[in-house]
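K.L.:
Got a sequence here, can you model it:
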Amino acid sequence: MLRGRESDQQAIDVLLDQARGGHSGVLVIEGEPGIGKTALLAYAEERAQDMDVLRGLGIETEADIPFASLHLLLRRRLDRLDTLPGRQAAALAGALGVAPTRSDDHFHVGLAVLSLLAELAEDRPLLCLVDDAHWLDQASARALRFAAHRLHAEGIVMLFGTRGGFDSAGLPERRLTGLNDQSAAQVLADAAPALTGPMRMRIIKESAGNPLALLELPHTTGLPAYDHSPLPLPERLRLAYAARIGLLPPDAQTALLVTALADDGDLDVIRRTCAELGIEPAALGAAERSGLVRIAGRHVWFAHPLMRAASFQLSTYDQRSEVHRILAGLLADRPDRQTWHLAAAATGPDETAAGALEEMARRARDRGANVSAAAAFERAAELSEDPELKGRRLLAAAVDATEEGQLQRAQQLIEAATGLVPDASARATFPMLRARIAFGRGDPNLAHDLLLKGAADVTADDRAAAGLMVVEAARNAHRLGDADRLVEAAARLRALDLRAEDDLDLARQSALGTALLLTEGPGADHA
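P.N.:
Presented below is the predicted three-dimensional model:
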């Protein structure tokens, strides 16, 4: 099912209906790689069950072979050559290699293509599909354009799919753009129904509505959450964009990488980074003239977001590290961005960068940005050399991930931190988090058991933490209306013998009172 292409499908339906009525039409469908051109051609073929269908294709490796693509399109219908006027039949037969040829007979070849298509349409309406038209050899392209310009009342539809590079002057065109967010979300839901949260939103944003990217990116999302690098492009997209980037001089390619890593496209920062790398401003000019980036005012941005991913993937690790190092040095007035670049430039454990990330995470947590806090804590943990610091930072990341409902990620962080955090007060956080994850996954009984077991494990070292877990177990039992579990939690609270300094008296009294109310009725003494 095609999502978000209703108007394009309607345009194709109109052409097909006109052909059934004896009229002809042409449409050139243009767009970037993966945007859905081939899918629309397939839609046309599916809707043309009552029509004759010819399928052609431009092939990159055959682009220098005259009439190679025309032969691919017409090879199954060469038995109808004898229905054409003699000069046309001879010209087309020669072009397709089945008879002697004259190299200067392009007019009669084009005329023969038109006549053959019209002859085929005499039997029933004809749909002629040519995909990857940008790779048609020039002789085939010239003959097909000649025929397309002269269609009128034969009952023929010609559809071309191209990413650009096919001369369609004078032919009707439709330029495909990215799907809107609603359609993109539907495509992503079809492709990866289990994908939720920030990664889902990130894929929608980075794909810019490209259907192929939406279908493939969910299978290439192995980056850790803190990694702000572009998501890895599907191979087909990577190769297509790499071909365009590869046409640029090396300095211009490096300027593209700087633009890809400089986050907000600040022209001054990009220019100064390029200068530190010994790259002249002309390199940015070359990238702009290629159409890969646009520059206006003090801002540089990629013509398409996927080009940023392609530029990143074409670079090497050492190139990226060097650019991040320079950017960090230039962004002292923007501490959070500077910290991320320092972390990205690190090639191993780096406590300076890890400490800066932890401070940034706490600032993010203070303003309620738990997703950002979790990402910064996680990266800080990765750069930590000391195992205990690593564990504490992983645990902090797990807390923030849990706050945001990122349960799978929180579970992974908890497992990574297990065994690294030695003291009881920090270890008490583990069962609390595991219980919240269990509750969030719809298993309240497991959550209850985890809380009570966790309380038992830390009672000797941290009575207040144990009390907090038991109170939480009591609250969960109350919300579920589970009197037996609530009574069990109340008994544990009594046994803990909490004191005023534990700061849990109000919660304890509430839990005990609710338990008594459920089991003994109003008026029971819960002191």
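K.L.:
pretty sure Leu16 is in a strand, no?
P.N.:
No: using DSSP: H, G, I helix; E, B strand; the rest coil, the assignment for Leu16 is helix, not a strand.
K.L.:
Might you report the residue contacts of the residue most central in space within the chain?
P.N.:
Central residue check for the chain by Cα atoms, centre = their mean: the C-alpha nearest the mean position is that of Ile203, 2.9 Å away. With Cβ atoms under 8 Å, 6 or more residues apart in numbering as the criterion, the residues that contact Ile203 are Leu188, Leu195, Ala213, Leu214, Leu217, Pro218, Thr221, Leu231. From N, CA and C alone the C-beta is placed, and that goes for glycine too.
K.L.:
okay, among those, which ones form the most distant pair?
P.N.:
Leu195 and Ala213 (13.7 Å; Cβ to Cβ).
K.L.:
Quick check: buried residues in the helix or strand encompassing the residue nearest to the centre of the chain?
P.N.:
Here Ile203 sits within helix 197-207, counting by DSSP states H and E. Of all the residues in helix 197-207, those buried under the rule 16 or more other Cβ atoms under 10 Å are Gly197, Met199, Arg200, Arg202, Ile203, Ile204, Glu206, Ser207.
K.L.:
now swap in stretch 245-254 and tell me
P.N.:
Quick answer for stretch 245-254 (16+ other Cβ under 10 Å): Ile245, Leu248, Asp251, Ala252, Gln253, Thr254.
K.L.:
contacts for that stretch?
P.N.:
Contacts for stretch 245-254 (Cβ under 8 Å, 6+ apart): 256, 274, 277, 279-280, 282-284, 286-287, 290, 292, 307, 310-311, 314, 319.
K.L.:
Likewise for stretch 377-396?
P.N.:
Stretch 377-396 is contacted from outside by 224-227, 343, 346, 349-351, 353-355, 357-358, 361, 373, 397, 400, 413-414, 416-417, 419-422, 426, 429-430, using Cβ under 8 Å, 6+ apart.
K.L.:
Which ones among those residues lie within helices?
P.N.:
The members of those that map onto helices under DSSP state H are 343, 351, 353-355, 357-358, 361, 373, 397, 400, 413-414, 416-417, 426, 429-430.
K.L.:
Only the buried subset of those residues, as a ChimeraX command please.
P.N.:
Of these, the buried ones can be selected in ChimeraX as follows, counting by 16+ other Cβ under 10 Å:
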select :343,353,354,357,358,361,373,397,400,413,414,416,417,426,429,430
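K.L.:
Kindly state the neighbouring-residue count (a burial measure) for Arg392.
P.N.:
The local packing of Arg392 (other Cβ atoms under 10 Å) involves 23 other residues.
K.L.:
so where does it fall, helix or strand?
P.N.:
Per DSSP H and E: helix 387-403 holds Arg392.
K.L.:
for the record, mean pLDDT for that helix?
P.N.:
For helix 387-403, mean pLDDT is 94.
K.L.:
how far is that helix from where the chain is centred?
P.N.:
27 Å (Cα atoms, centre = their mean, to the nearest Å).
K.L.:
and the angle for it with helix 197-207?
P.N.:
Taking axes from the mean of the first three to the mean of the last three Cα atoms, to 10 degrees, one finds that helix 387-403 is oriented at 80 degrees with respect to helix 197-207.
K.L.:
chain center to the helix or strand hosting Gly329, what's the gap?
P.N.:
Using DSSP H and E, Gly329 sits in helix 317-330. Its chain's C-alpha centre and that of helix 317-330 lie 25 Å apart, by Cα atoms, centre = their mean.
K.L.:
picking that back up, got the buried residues of stretch 245-254 as CSV, with secondary structure columns?
P.N.:
Shown next, in CSV, are the buried residues of stretch 245-254 (three-state DSSP):
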residue, secondary structure
Ile245, helix
Leu248, coil
Asp251, helix
Ala252, helix
Gln253, helix
Thr254, helix
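K.L.:
re earlier: between the buried residues of helix 197-207, which is nearest Arg434?
P.N.:
Gly197 (19.3 Å).
K.L.:
since we're on the spatially closest residue to that closest one that is not a sequence neighbour, how many residues are nearby?
P.N.:
Nearest residue to Gly197, sequence neighbours excluded (Cβ to Cβ, 6 or more residues apart in numbering): Gln406, at 5.7 Å. Gln406 has 25 neighbouring residues, counting by other Cβ under 10 Å.
K.L.:
Also Pro281?
P.N.:
Neighbour tally, Pro281, other Cβ under 10 Å: 12.
K.L.:
tell me the secondary structure for the closest residue to it other than its chain neighbours?
P.N.:
In space, and not counting its chain neighbours, Pro281 is closest to Arg271: 6.4 Å by Cβ to Cβ, 6+ apart. Put simply, Arg271 is helix when judged by three-state DSSP.
K.L.:
Which pLDDT value does the model give Arg271?
P.N.:
In this model, Arg271 carries a pLDDT of 94.
K.L.:
With Leu512 instead?
P.N.:
52.
K.L.:
Could you give the number of residues near Leu16?
P.N.:
19.
K.L.:
any idea how far Ser255 lies from Tyr317?
P.N.:
If you look again at residue 255, you'll see it is Ala, not Ser. Distance, Ala255 to Tyr317, by Cβ to Cβ, to the nearest Å: 19 Å.
K.L.:
who has more neighbours, these two?
P.N.:
The neighbour comparison of Ala255 against Tyr317 (other Cβ under 10 Å) goes to Ala255, with 30 against 8.
K.L.:
quick revisit: compare neighbour counts for Leu195 and Ala213 and give me the winner.
P.N.:
Of the pair Leu195 and Ala213, Ala213 is the one with more neighbours under other Cβ under 10 Å, namely 30 against 14.
K.L.:
Let me know the pLDDT of the nearest residue to that one once chain neighbours are set aside.
P.N.:
Ranked by Cβ to Cβ, 6+ apart and with sequence neighbours excluded, the top spatial neighbour of Ala213 is Ser207, at 3.8 Å. Listed pLDDT for Ser207 reads 86.
K.L.:
Strands along the stretch 151-300 of the chain, start to end?
P.N.:
Using DSSP state E, counting those that start in this stretch, the strands of the stretch 151-300 of the chain run over 156-162, 173-175, 293-296, 299-302.
K.L.:
what about Val26, which SS state?
P.N.:
In three-state terms, and counting by three-state DSSP, Val26 is strand.
K.L.:
By mean pLDDT, which helix or strand of this structure comes out lowest?
P.N.:
helix 505-520 (a mean of 49; mean pLDDT, DSSP states H and E).
K.L.:
Parallel or antiparallel, which strands does the stretch of helix or strand Gly56 belongs to pair with?
P.N.:
Assigned by DSSP H and E, Gly56 falls within strand 52-57. In the sheet, strand 52-57 lines up against strand 126-131 (parallel) (DSSP bridges).
K.L.:
Point out where the stretch 51-200 of the chain drops to low pLDDT.
P.N.:
Across the stretch 51-200 of the chain, the ranges flagged by pLDDT under 70 are 100-104.
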